[in-house]
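Colleague: 3D, please:
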Amino acid sequence: RSAFAERLSPDLVTGVYEVAAGDTFEHAMAVACYPSVEEARRPRPLARLYGATFGTVFAADMPTGRSLAFTRAAWERVGGFREWLNTAEDVTFGRAVARGGRCSLALDAGVKWRQRGSLRATAEMYYDYGVGGVRSRDVRLFGRDVVRAGAYLLVPLALAKERTHTRRLLAVGALAYVSLPLLRARRRPRPGKIALLVPPALVVKDLSKAAG
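Modeller: Model (predicted):
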């Protein structure tokens with residue numbers, strides 16, 4: 001509520017969330033697939049670059065239903081949530097508000113969010129996210145997913161050509177993709193095991209969204 005008390009009161013406030021994790025794979029999913037509150041408060045160059053490239057950051061105009069607030073006037077102006085969307089309705093709503101209003105990111109408005117209880121449920125969640133992103137017709141929501149899907153399709157073809165420079169470029173791209181999650185893993189319990197599960201965690205997310 002403090003954000004709405006500012007002199008220039010926003011139409012929408014996006015809060016943050018921390019991802020609860022118990023077992024090793026949940027920790028891997030947390031560091032690989034979700035933004036970090038700590039990095040949002042004290043963003044370092046690598047976190048900024050990674051977020052700008054791969055999109056895993058908190059953004060005022062990209063709220064999730066886990067933590068957000070908005071005015072009645074903003075809700076009425078954009079026609080409320082898109083009820084025909086089963087997923088991505090929260091981010092689509094935020095994007096609509098942002099086009100004609102003011103959005104604010106509240107780093108102290110935090111909640112804790114528990115992940116899905118199984119690998120299958122996690123894959124199904126990301127599949128639904130993929131469906132919602134495309135149905136929203138918002139390129140910002142599904143654009144990076146399309147690029148990632150294309151990368152997964154092109155990698156086997158590029159490797160089959162057996163060109164050294166191509167393989168080096170692929171290796172650099174893969175290392176860049178896992179770089180920040182691996183650094184985050186160092187601050188978790190069982191960092192070695194979590195680091196080994198970071199690539200599978202990213203694959204589960206990317207392929208599930210691509211399938212959706």
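Colleague: lowest average confidence, helix or strand, in the protein?
Modeller: helix 139-160 (a mean of 85; mean pLDDT, DSSP states H and E).
Colleague: quick check, distance from the lengthiest strand in the chain to the centre of its chain.
Modeller: Once the chain is assigned using DSSP state E, the strand that runs over the most residues is strand 103-114. Averaging C-alpha positions (CA atoms, centre = their mean, to the nearest Å) puts strand 103-114 14 Å from its chain's average.
Colleague: For that strand, what does the pLDDT average out to?
Modeller: Across strand 103-114, pLDDT averages out at 94.
Colleague: Would you mark the buried spots in that strand?
Modeller: By neighbour count on 16 or more other CB atoms under 10 Å, the buried set for strand 103-114 is Cys103, Ser104, Leu105, Ala106, Ala109. C-beta: built from backbone N, CA, C; applies to glycine.
Colleague: I'd assumed Arg144 was in contact with Gly55.
Modeller: Yes. Proximity of Gly55 to Arg144 meets the contact threshold set by CB atoms under 8 Å, at 5.1 Å.
Colleague: next helix or strand past the longest strand of the chain?
Modeller: Going down the chain from strand 103-114, the next helix or strand is helix 119-136, by DSSP states H and E.
Colleague: which residues in the protein form strands?
Modeller: Using DSSP E, strands in the chain cover 12-20, 68-70, 103-114.
Colleague: Not counting sequence-adjacent ones, nearest residue to the most centrally placed residue in the chain?
Modeller: Nearest to the geometric centre of the chain sits Thr56, at 4.2 Å (CA atoms, centre = their mean). Once flanking residues are discounted, Thr56 sits nearest to Pro35: 5.3 Å by CB to CB, 6 or more residues apart in numbering.
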